[in-house]
Structure formats: structure tokens, C-alpha cells
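# give the three-dimensional model of this entry:
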Amino acid sequence: MNEEKPLVSMQSTLEMQPKLKASALNSLRAAISGVLFTPTDPGYDAARALWNGYIDRRPAVIVRCRTTQDAALAIRFAREHGLPLSIRSGGHNGAGLALADNGLVVDLSQMKQTIVDPQQRTVWAEPGLTLREFVAALEPFGLITTTGTCGGNGLGGATLGGGIGWLMGRYGMIIDNVLAFELVTADGQVRRASATEHPDLFWALRGGGGNFGVVTRIQYQLYPLGQVLAGMVVHALDKAGDPLRFFHDYSLNAPDVIGTMASMATPPQVGPAFVMMACYAGDDLGEGERMLAGFRQVGSPLADLIRPMAYSELLAMLDPVAPDGRNYYDTAYTLRQPVDAAFDALLECAAARTSPFSSIVLHPFQGAATRVAPDATAFALREPHFAIVHAAGWEAGSGEEHIAWADTSLARMAPYASHGLYVNFMGHEEEDEVRAAYRANYARLAAIKAKYDPENVLQLNQNIKPAAM
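Below you'll find the predicted structure:
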């Protein structure tokens, strides 16, 4: 693990906690069905390791849950002992909000059960699943729902923040396909939230992040899916001007059955490149070939790797570029109506990358996901737009030059950015930025927060402060 890095530490706002009594810890250890780790326990360092090797925090207690009741006991223990509380699911958590220094981590990473109902086309799934594991459980049934774009991402966090991905053009965001949640609220009570049970909480959980409880099971609507026509088209970065402009226009106006994303990266044995990716998820692969013809023909591609494949194979494509344990630091923003100068600036940022492991990733938001009313769920950014991430990555060292590249790139693109960003791409943003993400929904979210978490116990997130009662 790396030495503590003040830039990413949350401890500056948290006082050191008093030493916990062994008797209290032993009682909690005996009560849970999962595993408890403290700094003196074997396996503690492995338990606190995150996907992002740049994050190095030392929780006082890690409760690796196996059941919803374990999560309830952990929350009550944290409250009784005045411990900051954080929640860890199964995925990347690049900003490190899953670990509270000197606090208690409710670790859901081993909760991976799925219960599929193929007749009703629904599934109950636990939040410790990665998207890779989730899709693997659904694939034998020929069923799917919207997921993110990378197999290593976590199901729980992706869902609670909203969930963009390959299938959102056809089926909406992940949250648009959630039927119910099981969770433990900040008072330690187990609740069910759906359209008919705690509907206010159900609304808030669909995009409101980890502010309203520790979610331990989620029910999703599923849809039939066979093979997809998917893959990537690779262009040299110094010849990416026309492909980039084409990608922008194509993606925001693509048919609902097409999902896209792109990156400016350095693939091995290729060098600096602009990589466009697409997924046709319709019923006729021949029609998909026709829809993707322009996508494949623009510019002078170095490689065209689009072909029929299983959806799980598409998800696996991006995993090698984001391995566990590498150091990562991201900046992000929303781009709605760029001018030519914005495209030029983006390419300049890409050319200035200081590491072959750094990239700029373009996530279009389009299709069915944009036809949901902004107040139908907590997620408010329903108009067509791009969410763009400048992702610094490096193998060793402090990373100062790579972090500076990400920060400088963000500043370079500021004239073209729009206020309000997808919360799953946020790190340690200020309150005004969180408010901008939720727009007019923020006041309603703050009122629901006051109802279910009036003391803001769940605050290590993109925090929504409880409204004054």
C-alpha cells in the first residue's frame, strides 16, 4: 500500500476516534455471520485494499457482511461508538469514499447472490457483485438489463448513482429498471423500498447515491438478449479530428439499439489512439451492420474489431486497461454543445498525457435514458450530453505530474463544460457541485434525507445534507 496522501485523505475533517474496547469488538464479532477486521487482525491490509492503489486509508473496523442483518449490526455499532461510517460494495470506488479513516466500513463486497425469475424476467441481486459477475449470472437465461461499460465496475454503486452504459439507449439507465431495494437505513432498521413501499425512499435511491441507507439487495427488470454486434474502431490520435467530430454527432443521435463510448488512450502495440466503441443490441445483426456502417467507415482506421459477440465479452474488453492496484486520479465534467474549439482542446489534452496509462473517456448520454422526466427519479441530468473523464493512471511514484495533467486538462476544458455532473464520476466535490448534479431535485432529496438520516450518519459520499426540520 502507498503512504497516506493528503490530497485524497478524508481524515482532515474527522477527529481521531477513541480506542475501541476489546469486549465491544468481540461482541460484534460474535454477533455477525461475516468477518470483522481491525488493524491487528490477519488479513486487515488485504481487506482495506481498493482497486485504486492511490488510496491508502486505515479504518478502525471493517465488517465484511454476509447478510442484511450484518449490515444492520454494523451501523448500530458505528453509531453507538461514534465511528464515521462508510460503505463498500464490489467495484472500483476510484475516489476512495468506501474507506473511512479510523471509522467503520460496512463491506458488502462478498454479498454476491442472485435470484433470477425467468418467467417474470426479474432478478434480485446483491450489491457486492461486479458487473462481470452480474452478467455471468444472467447470461444462461438469455436475459440482461442495463449495466455499465466495464466488467470490473460494481453493481451497487453503479446503480445508486444512476447507471449509464451500453444498453441505456434502449432500456434507460440502470435505475430506470430497478423494481425494489432492500436496505438498512441510518437508524439500523431494515426496510423495503419500491413504488408501493416507502415510495419517497424508492425515488431517492434511484440516483441519490449512498445517502439514504446501506442497500443490501436490488430487484431489476430483465430483457431478452442474444448476441450483440460490438467492438472497437481504432484511429491514430494525430488523425482523430474528423472521427472525434463524427463520434460526437453520431452518438447523441444514434438509434436506441446502439450504445457507444470512446477514449483517447495508448493501446499496447498501437500507440496514442482515438478508440471508438459501439454496441448494437437489437434483434437483427444485419440491421446492426447497416447502422454501424458510417461508424466503421469514417477516417482511416488502424483497426476495425467490431463483430458479433456475447454481451459479457463486450464488458470484458475494458478490464485490461484498468487493473486492480494501479494508481488512478480522475477529473470529470459535462459537455453538452461543444464547438470546434472544444474538440481541438480535447485533442490537445490527450496529446499532453504524461503516462501511457492515462486516458480521456467520453460517455454519451442518449436514447431512452433522455426521455425520462428529470423529476421521475433523483437523477436529474436527463438531456443528451457527454460526461467526460480525464483519468490519470500510473504504476509507481507520487504521480504528481500525472495528477497535474488531469487537473490542468480539467481547467483547459472549463470554458466548454456545463454545470452539473453525473455523481458516479464525482470525487470530493463541494456542496454546490452536488446541488448542481441534482438541480431542482435537491430540495426533495434533502427533505427525504432529513426523514431517514437526520444526523447525516451516511456522509462519506457525494453528500446531500439533511434539510433543516
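
# check the residue lying closest to Ala24 once chain neighbours are set aside and give its pLDDT.
Counting by C-beta to C-beta, 6 or more residues apart in numbering, His81 is the residue found nearest to Ala24 once chain neighbours are left out, at 6.8 Å. Any C-beta I mention is one placed from the backbone N, CA and C, and that applies to glycine too. As predicted, His81 sits at a pLDDT of 96.

# same deal with the one 10 residues further on?
At Gly91 the predicted local confidence, pLDDT, stands at 83.

# that one in helix, strand or coil?
Under DSSP: H, G, I helix; E, B strand; the rest coil, the three-state class of Gly91 is coil.

# residues in a beta bridge with the closest residue to it other than its chain neighbours, which ones?
Ranked by C-beta to C-beta, 6+ apart and with sequence neighbours excluded, the top spatial neighbour of Gly91 is Gly154, at 2.1 Å. In this entry, Gly154 is beta-bridged to Thr130, by DSSP bridges.

# from Thr130, how far off is Gly154?
Applying C-beta to C-beta, to the nearest Å, the value for Gly154 to Thr130 is 6 Å.

# going by secondary structure, Phe247 is in what exactly?
helix 241-252 (DSSP states H and E).

# tell me the mean pLDDT for that helix?
96.

# with stretch 439-459 instead?
98.

# which positions in it come out as buried?
439, 441-442, 444-453, 457-459 (16 or more other C-beta atoms under 10 Å).

# same check, this time on stretch 229-244
Using 16+ other C-beta under 10 Å as the test for burial, stretch 229-244 gives 229-237, 240-241, 243-244.

# likewise for stretch 37-52?
Residues of stretch 37-52 classed as buried by neighbour count (16+ other C-beta under 10 Å): 37, 47-48, 50-52.

# same deal with stretch 413-425?
413, 416-417, 420-425.

# do stretch 336-350 as well
In stretch 336-350, counting by 16+ other C-beta under 10 Å, buried: 338, 342-343, 345-347, 349-350.

# would you turn those into CSV with secondary structure and pLDDT?
Compiled in CSV, the buried residues of stretch 336-350 are given as follows (DSSP: H, G, I helix; E, B strand; the rest coil; pLDDT from 0 to 100):
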residue, secondary structure, pLDDT
Pro338, coil, 82
Ala342, helix, 96
Phe343, helix, 96
Ala345, helix, 97
Leu346, helix, 97
Leu347, helix, 98
Cys349, helix, 98
Ala350, helix, 98
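
# rewinding a little: and the buried residues of stretch 37-52 as TSV, adding distance to Ser300, secondary structure and pLDDT?
Converted to TSV, the buried residues of stretch 37-52 look like this (distance: C-beta to C-beta, whole Å; DSSP: H, G, I helix; E, B strand; the rest coil; pLDDT from 0 to 100):
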residue	distance to Ser300	secondary structure	pLDDT
Phe37	54	strand	98
Ala47	49	helix	97
Arg48	48	helix	96
Leu50	40	coil	94
Trp51	36	coil	94
Asn52	36	coil	95
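
# out of those, who's nearest Ile87?
Checking the buried residues of stretch 37-52 against Ile87 with C-beta to C-beta, the nearest one is Leu50 at 13.0 Å.

# so what's that closest one up against?
Contact analysis of Leu50 by C-beta atoms under 8 Å, 6 or more residues apart in numbering lists 93, 96, 98-99.

# what segments of the stretch 151-300 of the chain are helices?
155-161, 168-171, 199-205, 241-252, 285-291, 293-297 (DSSP state H, counting those that start in this stretch).

# distance between the ends of stretch 383-399?
Distance between the two ends of stretch 383-399: 36 Å, counting by C-alpha to C-alpha, to the nearest Å.

# buried stuff in it?
In stretch 383-399, counting by 16+ other C-beta under 10 Å, buried: 385-394, 399.

# what's the spacing between the residue nearest to Gly91 and Ala136?
With C-beta to C-beta as the criterion, Gly154 and Ala136 are 14 Å apart.

# what about these two, which has more around it?
Higher neighbour count among Gly154 and Ala136: Gly154, with 26 against 15, using other C-beta atoms under 10 Å.

# right, and that one touches Ala125 too?
No. Between Gly154 and Ala125 there is no contact under C-beta atoms under 8 Å: 11.3 Å.

# thinking again about what came up before, deepest of the helices of the stretch 151-300 of the chain, which one?
Across the helices of the stretch 151-300 of the chain, averaging neighbours per residue (mean count of other C-beta atoms under 10 Å) puts helix 155-161 on top, at a mean of 29.

# by contact count, what packs against that helix?
helix 131-138, strand 214-221 (3 or more C-beta pairs under 8 Å, 6 or more residues apart in numbering; DSSP states H and E).

# now for the first one, which elements pack on it?
Of the remaining helices and strands, those touching helix 131-138 by 3+ C-beta pairs under 8 Å, 6+ apart are strand 114-117, strand 122-125, helix 155-161, helix 311-316.

# look up how far Ala47 lies from the residue nearest in space to the middle of the chain.
Per C-alpha atoms, centre = their mean, the C-alpha nearest to the average position across the chain is that of Ala158, at 4.1 Å. Between Ala158 and Ala47 the distance is 22 Å, computed by C-beta to C-beta.

# Leu25 now?
15 Å.

# do the same with Val135
Counting by C-beta to C-beta, the gap from Val135 to Ala47 is 26 Å.

# with Gly259 instead?
Separation of Gly259 from Ala47 (C-beta to C-beta): 35 Å.

# what's the burial count for Glu430?
By other C-beta under 10 Å, the residues close to Glu430 number 8.

# look up how far Leu421 lies from it.
Taking C-beta to C-beta, one finds Glu430 at 12 Å from Leu421.

# which residues of the chain score low on pLDDT?
For the chain, the stretches with pLDDT under 70 are 1-18, 469.

# now do the domain split for it, please.
Using automatic domain parsing, the domain parsing of the chain gives 6-107, 114-224+440-452, 228-425.

# mind putting those into TSV with distance to Ile464?
Shown next, in TSV, are the domains of the chain (distance: least, C-beta to C-beta, whole Å):
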stretch	distance to Ile464
domain 6-107	14
domain 114-224+440-452	5
domain 228-425	9
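
# out of the ones you listed, flag the one nearest Lys465.
domain 114-224+440-452 (6.3 Å).

# what about the closest one, distance to the chain center?
12 Å (C-alpha atoms, centre = their mean, to the nearest Å).

# ok, stretch 327-336 next?
Using C-alpha atoms, centre = their mean, the offset of stretch 327-336 from its chain centre is 12 Å.

# nearest to Ala278, out of the helices of the stretch 151-300 of the chain?
helix 293-297 (5.6 Å).
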